[in-house]
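Chemist: This is the structure alone, sequence omitted:
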């Protein structure tokens, strides 16, 4: 889900409207300060400074808390605690549709370091065999080896030649005095190539132990990026051995690397090609990078991204435990009801939670067996999703209970419920943008 800047500012506008803007005497937030916070947020997002984003949320939350009655300090503390669990449960859901988002994250694992990759959010989980038969490479041509400091004997006057690439011909020329050394001559040719805009080839001169050579390399890989060289007036290219009609051998120049496409097969399918070593597969949902030829099929697995899922569950359980502890330590009609509802949700799912490594000690906090949870997320991601974020999942139930608790607290403490609702919408939008690297 993407929240453009305009949408985010729109949410902020709703928030300000609900709170009465700068004239509202219960919420000290003005359009200018909120707008500045949004600008700061977008800048921070580009630098991925999540700590500062958290600070921004705390400032906005503090403004809401300040709207409570002076005698409602306990309620303000409860509101803060409940908002943490609220944010933790929303890690698993999309604000607009109620569908999950964290579960859509994917990772790619391969059985060979020659192949690596990534998968976009929502890519179908799958496993397939990839055989890399040939890597894509750029064409390379070098000249004869010339004595760097000796006269080249290329004569004087204008020398013209052509470079043709992808049906486009570039006319090149240079002026010679006849006094150029081998290195100077090759540098003059390199300059003519490098100063030609859009030519798609780069030239460089190397000097080793008094011997100079000119190297031309296509900027792009793939067979379509192949180029040819032709003398137009004079025989400069032939004289220095910069030729595309032969292969370089020993001291003689020529092609040192042929322009070629990558060649690969998926499972037992036909051979396919790519002009570079990046493969966009399955409608672009999976991207693979080829680093070498494989001896045979390499198993590529697109699976749920376990680190963010496990991290999200860890954070949710910690927030659940903190709130339950707070509720139990601060008995009242409201907190007792919320604690009972939260405990009941765990009791209902106790057997299922144990299957994924989450247990409760009596009526106390939940504990996580990290190894069991990792195994469950890796091997049974759909089951984990159902237990945590399904229609009757723990996060789903905890969110519903917590939202009711928040509204009851808001009414008891004097916080504007409408403002609280709009603040939550704004918070969800920005949280999702931060957590899932969305471009605002």
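Modeler: Yes, it's here. Quick caveat: nothing in here was measured; it's all calculated off a predicted structure. Residues are numbered from 1 along each chain as shown.

Chemist: secondary structure element for the residue nearest to residue 408 when sequence neighbours are not counted?
Modeler: Nearest in space to residue 408, with sequence neighbours left out and distances taken as CB to CB, 6 or more residues apart in numbering, is residue 334 at 5.2 Å. (Each C-beta comes from the backbone N, C-alpha and C, glycine too.) Here residue 334 sits within helix 333-355, counting by DSSP states H and E.

Chemist: Tell me, how many residues neighbour the residue nearest to residue 258 when sequence neighbours are not counted?
Modeler: Counting by CB to CB, 6+ apart, residue 258 lies nearest to residue 139, which is 6.3 Å off, once chain neighbours are set aside. Residue 139: 24 surrounding residues under other CB atoms under 10 Å.

Chemist: What ranges does the protein have for its helices?
Modeler: Counting by DSSP state H, the chain has helices at residues 5-19, 31-46, 50-66, 73-90, 182-194, 236-240, 306-329, 333-355, 370-379, 381-389, 394-413, 417-435.

Chemist: and the second one, average pLDDT?
Modeler: The average of the pLDDT scores along helix 31-46 is 40.

Chemist: Same question for the fifth one.
Modeler: Within the predicted structure, the mean pLDDT of helix 182-194 is 96.

Chemist: residues touching residue 189, list them.
Modeler: 143, 174, 203, 214, 236, 240, 242 (CB atoms under 8 Å, 6 or more residues apart in numbering).

Chemist: how about low-confidence regions in this protein?
Modeler: Scanning the chain for pLDDT under 70 picks out the ranges 1-79, 94-100, 363, 409-440.

Chemist: okay, now the domains of it?
Modeler: According to automatic domain parsing, the chain is divided into the following domains: 1-67+416-440, 106-136+261-304, 140-257, 306-413.

Chemist: who wins for proximity to residue 93 among the ones you listed?
Modeler: Of all these, domain 306-413 sits nearest to residue 93, with 6.6 Å by CB to CB.

Chemist: from the chain's centre, how far out does the closest one sit?
Modeler: The chain centroid and the centroid of domain 306-413 are separated by 29 Å, computed with CA atoms, centre = their mean, to the nearest Å.

Chemist: How about stretch 145-160?
Modeler: Put simply, stretch 145-160 sits 51 Å off its chain's centre (CA atoms, centre = their mean).

Chemist: Pull up the distance across that stretch, start to finish.
Modeler: 21 Å (CA to CA, to the nearest Å).

Chemist: Pull out the buried positions in it.
Modeler: Buried residues in stretch 145-160, counting neighbours by 16 or more other CB atoms under 10 Å, are found at 145, 146, 148, 152, 154, 159.

Chemist: cool, stretch 232-250 as well?
Modeler: Buried, per 16+ other CB under 10 Å, within stretch 232-250: 234, 236, 237, 239, 240, 241, 242, 243, 244, 248.

Chemist: Distance of the fourth one relative to residue 189?
Modeler: Think residue 239. 11 Å (CB to CB, to the nearest Å).

Chemist: coming back round to it: quickly name whichever of the buried residues of stretch 145-160 is closest to residue 391.
Modeler: Top of the list for closeness to residue 391, among those and by CB to CB, is residue 145 at 74.1 Å.

Chemist: Check whether that closest one really touches residue 212, as I assumed.
Modeler: Yes - counting by CB atoms under 8 Å, residue 145 sits close enough to residue 212 to count as a contact (7.3 Å).

Chemist: Many thanks, I have nothing further to ask.
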